[in-house]
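Participant: Got a predicted model here, sequence first, then my questions.
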Amino acid sequence: MKLAILIFASALGIYIGLFLLLFFFQRSLIYYPTTGKISPIDHGLPEMDSIELITEDGISLASWYKAPSSPKKLTILYFHGNAGHIGHRAIKVKPFLDYGYGLLLLSYRGYGPNNGEPTEDNLYLDGKAAFNFLIEQKIPIHKLVFYGESLGTGVAVELAQNKAIAALILEAPFTSLIEISKYHFPFFPTTLLLKDKYSSVNKIRNLKSRLLVLHGRRDRTIPFKFGQKLFNIAGGKKQLYEFPDAGHNNIYSHNASSKIIKFLASL
C-alpha cells in the first residue's frame, strides 16, 4: 500500500513538474527563431530590397520587399512559419519573383536581426505593419495575396478577415493551437495552459477572398486532418491541393510552386 502511494505521489510530482515546464516555457516550444543579420543577396534574392517596418508599438522589423513588375501583377505578403528566418524561405518564393509578382517577406519580431518577443498578439501587430506598408506603396487591396506558412497561417487568417484581398493561400494550416497542442500533448489541459491560441477555426468564415489550401498527407507536425477541417469550414470559392507523399516542410519538393502560380494566374 505504501509503495503504491509512493509511486502515485512520484507520478503526480512528475506530471505537475512537466505541466509547470510546459506552462512557463510554452513559447519556447512554439517559436524557434534564428537570429542575426541577414540580407537578401546572401540568400540568393538580389532583386529584393531590405526595408524597415515600424509597428504600432514601435518595434522595427527588418524585412525584404520587391514591387510587382507591372500594375497588373499581384503582390504577395508572406507570413513565415515558427522556425528560422525569412532567408530560409528564399527557395520557395524565388519562382514568384521570377514571374513578376510583388513580394513582401515579413520578418517577425525576435527573428533575424529584429528585437522584441514573438507572441500571438505581437505577430498580429507585425502583420498589420506589413499590410500598412503595402497600402502606403499604393498596392490596391484587391491586388494583394496573403500567404501563410504553418504558424504563419494563423497570422494570415487573422489579417485576411473581412478584407477584399485577391486571395488567401495557406500552407499546412491548422484550426487552432489548442487543437494542435491536444494532439501532441493529450494528457495535459492545454485549453487552460496556452497563452497563444491562433484560433483560425473561429475566423475562417470571415474571409471575403478566394482560398487555396496546400497540405502534405504525411505531415506529422500539423496533420492533414486539421487543414482539411479548416478548409471545410471556410465558405466562398476555395481549392485544396493534397500532396500524398509530402510532410510538413517539403511540399515545394512536390511541385507546389507550379500549382500556386497556376492558382495566382487564375485570379
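Facilitator: Yep, it's here. Residues are numbered from 1 along each chain as shown.
Participant: List the residues that contact Leu105.
Facilitator: Met48, Ser63, Trp64, Tyr65, Tyr78, His80, Ile86, Arg89, Val93 (CB atoms under 8 Å, 6 or more residues apart in numbering). Yep, even glycine has a C-beta here, placed from its N, CA and C like the rest.
Participant: go with 7 Å
Facilitator: Listed by CB atoms under 7 Å, 6 or more residues apart in numbering, the contact set of Leu105 reads Ser63, Trp64, Tyr78, Ile86, Arg89, Val93.
Participant: State the distance from the last one to Tyr241.
Facilitator: Taking CB to CB, to the nearest Å as the measure, Val93 and Tyr241 are separated by 18 Å.
Participant: Equivalent analysis for the fourth one, please.
Facilitator: When CB to CB is the yardstick, Ile86 and Tyr241 sit 24 Å from each other.
Participant: Likewise for Glu136?
Facilitator: Applying CB to CB to Glu136 and Tyr241 gives a distance of 33 Å.
Participant: Looking at those two, which is more packed in?
Facilitator: Taking other CB atoms under 10 Å, Glu136 and Tyr241 do not tie; Tyr241 has more neighbours (19 against 8).
Participant: which residues does that one bridge with?
Facilitator: Leu214 (DSSP bridges).
Participant: What does the pLDDT read for it?
Facilitator: Here, the pLDDT recorded for Tyr241 equals 97.
Participant: from what I can see it touches Arg217, true?
Facilitator: No - the pair Tyr241 / Arg217 is not scored as a contact, 10.9 Å apart, by CB atoms under 7 Å.
Participant: what about Lys229, helix or strand, and which?
Facilitator: Taking DSSP states H and E as the criterion, Lys229 maps to helix 224-233.
Participant: what's the distance between that helix and the middle of its chain?
Facilitator: Centroid separation between helix 224-233 and its chain, computed with CA atoms, centre = their mean, to the nearest Å, is 16 Å.
Participant: Same check on stretch 203-214?
Facilitator: 14 Å.
Participant: Not counting its own residues, what contacts that stretch?
Facilitator: By CB under 7 Å, 6+ apart, stretch 203-214 touches 157-158, 160-171, 173, 227, 230-231, 233-241, 251, 256, 263, 267.
Participant: Identify all contacting residues around stretch 154-169.
Facilitator: 74, 79, 123-124, 127-128, 131, 141-148, 170, 198, 200, 203-204, 206-212, 260, 267.
Participant: at 8 Å instead, please
Facilitator: So stretch 154-169 is in contact with 74, 77, 79, 120, 123-124, 126-128, 131, 141-148, 170, 173-174, 177, 198, 200, 203-204, 206-214, 260, 263-264, 267, going by CB under 8 Å, 6+ apart.
Participant: likewise stretch 49-64?
Facilitator: For stretch 49-64, using CB under 8 Å, 6+ apart, the contacting residues are 39-40, 45, 48, 65-66, 86, 103-109, 112-116, 122, 125-126, 128-130, 133.
Participant: The helix or strand harbouring Leu53 - which strands sit beside it in the sheet, and in what orientation?
Facilitator: When elements are assigned from DSSP H and E, Leu53 belongs to strand 49-54. With DSSP bridges as the test, strand 49-54 is paired with strand 60-66 (antiparallel).
Participant: buried set for the strand it pairs with?
Facilitator: By 16 or more other CB atoms under 10 Å, the buried positions in strand 60-66 come out as Leu61, Ala62, Ser63, Trp64, Tyr65, Lys66.
Participant: now do stretch 246-259
Facilitator: Those would be Ala246, Gly247, His248, Asn249, Ile251, Tyr252, His254, Ala256, Ser257, Lys259, for stretch 246-259 by 16+ other CB under 10 Å.
Participant: Now a ChimeraX select for only the buried ones of the contacts of stretch 49-64.
Facilitator: Here is the ChimeraX selection string for the buried members of the contacts of stretch 49-64, based on 16+ other CB under 10 Å:
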select :40,45,48,65,66,86,103,104,105,106,107,108,109,112,114,116,122,125,126,128,129,130,133
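Participant: Return the subset of the contacts of stretch 49-64 lying in helices.
Facilitator: Among the contacts of stretch 49-64, the ones falling in helices (DSSP state H) are Asn122, Leu125, Asp126, Lys128, Ala129, Ala130, Phe133.
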